[in-house]
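Peer 1: Here's a sequence, model it:
(one chain, ligands or ions: 1)
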Amino acid sequence: MYSRIVGTGRYLPEKILTNAELETMVETTSEWILSRTGIERRHIAADHESTSTMATEAARKAMEAAGVGPDEIDFVIVGTTTPDRIFPNVGCLVANALGLGEAPAMSVEAACSGFIYALSIADKYIRCGEAKCALVIGAETLSRIVDWEDRQTCVLFGDGAGAVILKASDEEGVISTHLNANGAYKDLLYSTGGVSCPRDSDELGEARIKMRGNEVFKVAVTKLGEIVQQTLAANNLEKSDIDWLIPHQANNRIITATAKKLGMPMDRVILTVQDHGNTSAASVPLALDVAVRSGKLKHGDLLLLEAFGGGFTWGSALIRY
Ligand code: COA
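Peer 2: Model prediction:
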């Protein structure tokens with residue numbers, strides 16, 4: 001028994017924030033942002049939008065693409081690190097908005113690896129027969145936790161959502177998933193403003209992203225290289241067997257470094273970071289949907305999805321499309 005991706009969808013808010021506009025907000029240049037990150041623009045949620053509303057729109061499109069109705073979905077999981085509320089979880093809010101009935105619904109917080117973590121969990125529920133049709137989402141409203149006065153981080157992030165429908169199938173689909181985490185790196189990339197952090201902590205107050213970018217960069221390149229090798233080895237595959245790399249869209253230079261380790265030409269890498277910046281858990285399903293709807297992916301293609309994020313968490317998924 002496999003789980004197979006049978007539909008994808010994405011949602012990006014209407015408002016676009018360009019690099020030129022950021023020049024008027026912090027001391028930066030469009031050229032600096034583009035050359036260091038590859039990012040040209042990012043989307044910012046409107047006041048009336050939230051992680052669950054964007055996730056719902058992406059899910060609607062994935063359901064439509066899969067031809068799946070609300071009654072068929074029996075498992076809902078959302079990777080997010082910017083939930084609307086502490087609870088109910090975003091999965092419950094999405095399920096209610098879509099009229100999904102009483103299927104189990106949850107969210108998983110693994111920062112930028114949230115979608116890969118969610119996909120891995122949903123795949124296992126389907127493989128063991130507990131679920132037949134899962135809605136798996138990555139969605140974030142990072143603009144609400146960005147410090148808009150910190151030029152080192154505010155140029156990087158954006159909002160959005162991506163979704164997939166996973167169905168039980170005899171045909172090969174998700175072949176393997178690989179997850180890792182190491183909390184020893186917790187101080188390199190984190191958010192302040194915790195709900196239960198100690199009352200005498202200097203992390204109290206509003207939630208704001210804090211990052212030591214240069215150090216994050218180095219660990220990300222190393223760990224992503226390792227997980228790609230781990231994924232190939234676990235499946236007795238050669239680098240050349242992979243048809244498409246669908247990476248977390250954080251930084252063009254990190255993506256290029258991973259592609260190089262795989263020996264993959266950049267025209268086999270799905271690159272969307274220029275259009276929406278780092279959308280954390282939303283970035284892999286956003287890129288996947290772009291790849292699907294552009295007609296690039298062919299039935300039977302072998303896809304390698306990977307992500308790296310705060311925690312640190314990192315992971316990969318090998319998928320027969
Ligand atoms: N505009 C202009 N200059 C900036 C800037 C900005 N937006 N942000 C930082 N700088 C400056 C720094 O202050 C520093 O100046 P200094 O040399 O006078 O001290 C200089 O640019 C170089 O900073 P550094 O942090 O070494 O740059 P970098 O090449 O590492 O690029 C990042 C910075 C953040 C783009 C890069 O480290 C990165 O992408 N890291 C990974 C971040 C990430 O992906 N996080 C999420 C993981 S899921």
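Peer 1: If you count neighbours, what's buried in the longest helix along the chain?
Peer 2: Taking DSSP state H as the assignment, the helix of the chain that covers the most residues is helix 213-234. Taking 16 or more other Cβ atoms under 10 Å as the basis for neighbour counts, the residues of helix 213-234 that come out buried are 216-217, 219-221, 223-225, 227-228, 231-232. C-betas here are computed from N, CA, C, even on glycine.
Peer 1: try stretch 253-266
Peer 2: Neighbour-count burial for stretch 253-266, with 16+ other Cβ under 10 Å as criterion, is recorded at 254-259, 262, 264.
Peer 1: ditto for stretch 76-93
Peer 2: Neighbour counts over stretch 76-93 (16+ other Cβ under 10 Å) mark 76-84, 89-93 as buried.
Peer 1: In strands, which of the residues you listed appear?
Peer 2: When strands are assigned by DSSP state E, the members of those inside them are 76-79.
Peer 1: picking that back up, identify, from the buried residues of stretch 76-93, the entry nearest to the ligand.
Peer 2: Lowest distance from the ligand to these (Cβ to the nearest ligand atom) belongs to residue 81, with 10.5 Å.
Peer 1: any residues touching the host helix or strand of residue 256, and which ones?
Peer 2: Residue 256 is part of helix 252-262 when elements are defined by DSSP states H and E. Contact partners of helix 252-262, identified using Cβ atoms under 8 Å, 6 or more residues apart in numbering, comprise 36-39, 217, 220-221, 224-225, 228-229, 239, 242, 245, 247, 249, 265-266, 268-269, 271, 273-274, 304, 306, 308.
Peer 1: Now narrow the buried residues of helix 213-234 to whatever sits close to the ligand.
Peer 2: With Cβ under 6 Å from any ligand atom as the criterion, the members of the buried residues of helix 213-234 in contact with the ligand are 216-217, 220.
Peer 1: Can you give me the distance of the spatially closest residue to residue 6 that is not a sequence neighbour to residue 4?
Peer 2: Nearest in space to residue 6, with sequence neighbours left out and distances taken as Cβ to Cβ, 6 or more residues apart in numbering, is residue 66 at 4.4 Å. Distance, residue 66 to residue 4, using Cβ to Cβ, to the nearest Å: 10 Å.
Peer 1: which neighbours do these two share?
Peer 2: Shared contacts of residue 66 and residue 4, defined by Cβ under 8 Å, 6+ apart, are found at residue 167.
Peer 1: what's the distance between the residue of the stretch 101-250 of the chain found nearest the ligand and residue 189?
Peer 2: Scanning the stretch 101-250 of the chain for proximity to the ligand using Cβ to the nearest ligand atom identifies residue 213 as nearest, at 2.9 Å. Between residue 213 and residue 189 the distance is 9 Å, computed by Cβ to Cβ.
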